[in-house]
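Colleague: Quick one, structure for this:
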Amino acid sequence: MIESSSSPSAAVDVVLPCLDEAEALPWVLDRIPPGWRAIVVDNGSTDGSADIARALGAHVVHEPRRGFGAACHAGVTAATADVVCVCDCDASLDPALLPAVAGPVLDGAADLVLGRRRPVTRRAWPLHARLANVELARMVRRRTGLRLHDLGPMRAARREPLLALGLTDRRSGYPLQMVVRAADAGWRVRETDVPYRPRTGRSKVTGTWRGTWQAVRDMRSVLAEPVAVGAGAGTDAPEPAAPSRGAGR
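Modeller: Residues are numbered from 1 along each chain as shown. Next up is the predicted model:
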């Protein structure tokens, strides 16, 4: 059961960037953990996604600027819980697994946890997207020293320190910029395996070679940024602060 937008608080807020995901939304929202709040960020859908999400009890935020990063930033800004998760809204990732991703953050054992995608079938992850991800993981290791295998969209962190990273990318580079700036800030970054299934509908990014390599170009720009002193500073964010090492709620 999903908490509606009228709920005063939630244990964790789950940001779901959404662009024409009407078919996937009922399954995705039904899988949100009990007591957690779904924040569906409508990024210009034309298939009634926002109305469906609202009818199913999710809190809906409208972000007119197109881009994965723009939608994620709007959702994190709208969140109120101490810990926020981000998850794709296309049914490729199961929100019911989010407690395993967020657990180390809630317990104070990690500052950022990424869901490492493990495809359950070959159809789940096109070859060109896998190759691009391997190359990006290699570049991340070179840039940050973090030995990550995936830059998947399922992740968890504390909201205020995340906003304090000052993330500025509003397109495909957002997930990477989060990892890079978190590493620069000395965050404890961890991976945990999550099953990855064929998405419902066509991907806006990895569904084509062109979309995939556009994302790679966005991410190369992020990797070219100078190392941030004390974490990244954005024009619309406060001075970064290290995450609290205390136990979660």
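Colleague: what's the spacing between whichever strand or helix holds D51 and its chain's center?
Modeller: For D51, the element it lies in under DSSP states H and E is helix 49-55. The chain centroid and the centroid of helix 49-55 are separated by 20 Å, computed with CA atoms, centre = their mean, to the nearest Å.
Colleague: and the longest helix seen in the chain, which residues are buried?
Modeller: When the chain is parsed with DSSP state H, its longest helix is helix 127-144. Buried residues in helix 127-144, defined by neighbour count with 16 or more other CB atoms under 10 Å: A129, R130, A132, N133, L136, A137, M139, V140, R143, T144. Glycine gets a C-beta too; all of them are placed from N, C-alpha and C.
Colleague: I'd like the next helix or strand past that helix.
Modeller: Next along from helix 127-144, by DSSP H and E: strand 155-158.
Colleague: Pull up the pairing partners for that next one, direction included.
Modeller: strand 83-86 (antiparallel), strand 112-119 (antiparallel) (DSSP bridges).
Colleague: Just the buried residues of the helix holding D51, please?
Modeller: So for helix 49-55, counting by 16+ other CB under 10 Å, buried means S49, A50, I52, A53.
Colleague: which helices and strands does that helix pack with?
Modeller: Applying 3 or more CB pairs under 8 Å, 6 or more residues apart in numbering; DSSP states H and E, one finds that helix 49-55 makes contact with strand 12-18, helix 25-30, strand 37-42, strand 59-62.
Colleague: Columns mean neighbour count and distance to V194 on top of those, output as CSV?
Modeller: Below are the helices and strands packed on helix 49-55 laid out as CSV (neighbours: other CB atoms under 10 Å; distance: least, CB to CB, whole Å):
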stretch, mean neighbour count, distance to V194
strand 12-18, 28, 14
helix 25-30, 19, 14
strand 37-42, 27, 18
strand 59-62, 20, 24
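Colleague: Looking at these, spot the one closest to C89.
Modeller: Evaluated with CB to CB, those place strand 12-18 nearest to C89, the distance being 4.2 Å.
Colleague: quick one: the closest one to strand 37-42, angle?
Modeller: 20 degrees (axes from the mean of the first three to the mean of the last three CA atoms, to 10 degrees).
Colleague: ok, and what's touching strand 12-18?
Modeller: By CB atoms under 8 Å, 6 or more residues apart in numbering, the residues outside strand 12-18 that reach it are 25, 28, 32-33, 36-43, 45, 49-50, 53, 58, 68, 71-72, 75-76, 79-81, 83-89, 95, 98, 102, 106, 156, 159.
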